[in-house]
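In: Sequence plus predicted model, see below.
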Amino acid sequence: MLSEYYFDNAATTIISESALRTYNETCLEYMGNPSANHREGQKAHRRLEECREAFASRLGVKSSQIFFTSGATESISIVLSSLLWAKSPGHIIMSQIEHEAVLSWIGLLKEKGWKITTLRAKGGFVDPAELEESITEATRLVAVMMVNNVTGSIQDIGSMVKIVRKKESEFGRKIFFFSDCVQALGKLPFSLRELDVDGASFSSHKIAGPRGIGALYLKRGDIQSLARAGGQEKGVRGGTENLPAIASFTRALLDCPETSSDVEMIYEHTRRKFEENGIKVLSPDHDRSPYVLSITTELPSEVLTRMLIDEGWCVSSGSACSNNAKGKGEGVLQAMGFSARDSKGAIRISFFHYSRLDRALELADAIIRKVREF
């Protein structure tokens, strides 16, 4: 099976049978537009709200705080584009290791007068003390991802939110804390209510759901969305809801275990094999996700990935999105303090619940062999 040799799950996962079945069944059973007043429309609307309730329950929030979008990129864009409505630009703080969907907004926001501070993340971790020092009376938004998509480092979002809330009390006004939670959803246990973030983004195809569907969490749904349409999703995201994809996304999330000892075991054995054979591991040894393992070799990543692809393996150099924009993945690694050489040789191996230990070790052997041949 393809999934046995597929280790690029941080880019996208293979849709599960249950998620695909749910998609097909929803297409056939719910033919109406959820906004329509007739019987079929009302039936579709009830199913939509059932999905929203189940999705929200998994994250420990109210259903009214979940908005379905076309993916995490759109969810992020809704939040960041809302800043363009501001009568006077302010200050934004974001980490230098954010996904390109966040970092790509820097140029436009600066052009519109926003001041932006980017925080380095030594070893893959944002320093809460540096965050606190960076917050000013003009700060309007802080963006820090929960799990990094290149190395799997997990940020202490709860502590950072507490810092922001303390500053809010000092300044007497709100600061919006946003977190890209794409690589955390369905893989790590967390509660959005306990974290106390103001917004978070999610994507279906990272957890064996369909592509082209995502979600946005908003603690308060009063965000000024830049795009306007038919008022769906309470005006946050207009356009007819993609009910089959939403139902499939919800099914995929409910199928994910809170924790996975199998994935942890695969990660540990694979990491140990690399370390025992002199392959440098870039992923941290603490506060890290077992779903993402990044290594570096003396071979340029483009060369090594091509060799592996020729043998049928599916891996990536940095993140898949970065592969479309040369140097982006390397920039994230250098922001973590890794050398240009280490960044240039970086390979990302990413697991999911269907990953197999024997195949992961076979992949590690292939990489070790090619490095020795070189």
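Out: Here it is on my side, so go on. Numbering: from 1, shown residues only.
In: For the rest of this, base every contact and every neighbour count on C-alpha atoms.
Out: OK.
In: Please enumerate the strands of the stretch 151-300 of the chain.
Out: 176-180, 199-203, 214-218, 280-281, 292-296 (DSSP state E, counting those that start in this stretch).
In: Please identify the deepest-packed of these.
Out: strand 199-203 (a mean of 27; mean count of other Cα atoms under 10 Å).
In: what comes into contact with that one?
Out: Residues from elsewhere that reach strand 199-203 (Cα atoms under 8 Å, 6 or more residues apart in numbering): 71-72, 75-76, 79, 176-182, 185, 213-219.
In: circling back to that earlier point, tell me which of the strands of the stretch 151-300 of the chain lies nearest to K166.
Out: Set against K166 and scored by Cα to Cα, the strands of the stretch 151-300 of the chain come closest in strand 176-180, at 12.5 Å.
In: Can you find the helix or strand in the protein with the smallest mean pLDDT?
Out: Using mean pLDDT, DSSP states H and E, helix 320-323 stands out as the lowest-scoring helix or strand of the chain, at a mean of 49.
In: rewinding a little: quick one: the strands of the stretch 151-300 of the chain as CSV, columns for mean pLDDT too.
Out: Below are those laid out as CSV (pLDDT from 0 to 100):
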stretch, mean pLDDT
strand 176-180, 98
strand 199-203, 98
strand 214-218, 98
strand 280-281, 98
strand 292-296, 98
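In: what about the ones you listed, which gets the closest to D310?
Out: So among these, strand 292-296 is nearest, using Cα to Cα, at 19.3 Å.
In: That closest one - contacts with which helices or strands?
Out: strand 280-281, helix 340-344, strand 346-350 (3 or more Cα pairs under 8 Å, 6 or more residues apart in numbering; DSSP states H and E).
In: per-residue confidence at K326?
Out: pLDDT recorded at K326 is 49.
In: Check the offset of stretch 363-374 from the chain's centre.
Out: 30 Å (Cα atoms, centre = their mean, to the nearest Å).
In: going forward, begin numbering at 448 instead of 1
Out: Shifting the count to begin at 448 puts that one at stretch 810-821.
In: count of residues packed around S616?
Out: The tally of other residues near S616 (other Cα atoms under 10 Å) stands at 10.
In: would I563 count as being in a strand?
Out: Yes - under DSSP: H, G, I helix; E, B strand; the rest coil, I563 sits within a strand.
In: next helix or strand past the helix of greatest length in the chain?
Out: If you go by DSSP state H, the chain has its longest helix at helix 486-506. Downstream of helix 486-506, the first helix or strand assigned by DSSP states H and E is strand 513-516.
In: pLDDT (mean, whole number) over that next one?
Out: 96.
In: Then stretch 478-494?
Out: For stretch 478-494, the mean confidence score works out to 95.
In: Just after the least confident helix or strand of the chain, pick out the following helix or strand.
Out: helix 775-782.
In: packing partners for that next one?
Out: For helix 775-782, the packing partners by 3+ Cα pairs under 8 Å, 6+ apart are helix 767-770, helix 787-791.
In: helices or strands next to the last one in the packing?
Out: Spelled out, that is helix 787-791. strand 739-743, helix 775-782.
In: pLDDT weak spots in the stretch 698-821 of the chain?
Out: 765-776 (pLDDT under 70).
In: just the stretch 448-597 of the chain next, same as before
Out: 448-449.
In: Going along the chain, name the helices of it.
Out: For the stretch 448-597 of the chain, the helices defined by DSSP state H, counting those that start in this stretch occupy 464-476, 486-506, 519-528, 547-550, 553-558, 575-581.
In: thinking G678 is in contact with T687, fair?
Out: No - contact criterion Cα atoms under 8 Å: G678 and T687 do not qualify, at 9.4 Å.
In: Can you redo the helices and strands packed on helix 787-791 as TSV, where the extra columns are distance to E749?
Out: Conversion of those to TSV gives the following (distance: least, Cα to Cα, whole Å):
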stretch	distance to E749
strand 739-743	12
helix 775-782	12
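In: Looking at those, spot the one closest to K817.
Out: strand 739-743 (12.8 Å).
In: Relative to the closest one, what are the paired strands and their orientations?
Out: Using DSSP bridges, the strands paired with strand 739-743 are strand 727-728 (antiparallel), strand 793-797 (antiparallel).
In: quick one: contacts of whichever helix or strand comes after that strand?
Out: Remark: after strand 739-743, the chain's next helix or strand is helix 748-757, criterion DSSP H and E. By Cα under 8 Å, 6+ apart, the list of residues contacting helix 748-757 from outside reads C761, V762, S763, S764, K791, G792, A793, I794, A813, I814, K817.
In: Just put the strands of the stretch 598-747 of the chain in a markdown table and tack on distance to P691.
Out: Converted to a markdown table, the strands of the stretch 598-747 of the chain look like this (distance: least, Cα to Cα, whole Å):
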| stretch | distance to P691 |
| --- | --- |
| strand 623-627 | 24 |
| strand 646-650 | 15 |
| strand 661-665 | 13 |
| strand 727-728 | 40 |
| strand 739-743 | 29 |
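In: how does the chain divide up, domain by domain?
Out: The chain breaks down by automatic domain parsing into domains covering 449-462+705-820, 464-702.
In: Just give me the neighbour total for the nearest residue to C474 once chain neighbours are set aside.
Out: Ranked by Cα to Cα, 6 or more residues apart in numbering and with sequence neighbours excluded, the top spatial neighbour of C474 is P691, at 5.6 Å. Neighbours of P691 under the rule other Cα under 10 Å: 26.
In: What of the one 4 residues further on?
Out: The burial metric for S695, expressed as a neighbour count using other Cα under 10 Å, is 28.
In: returning to what we had before: how much does the longest helix of the chain deviate in direction from strand 661-665?
Out: 70 degrees (axes from the mean of the first three to the mean of the last three Cα atoms, to 10 degrees).
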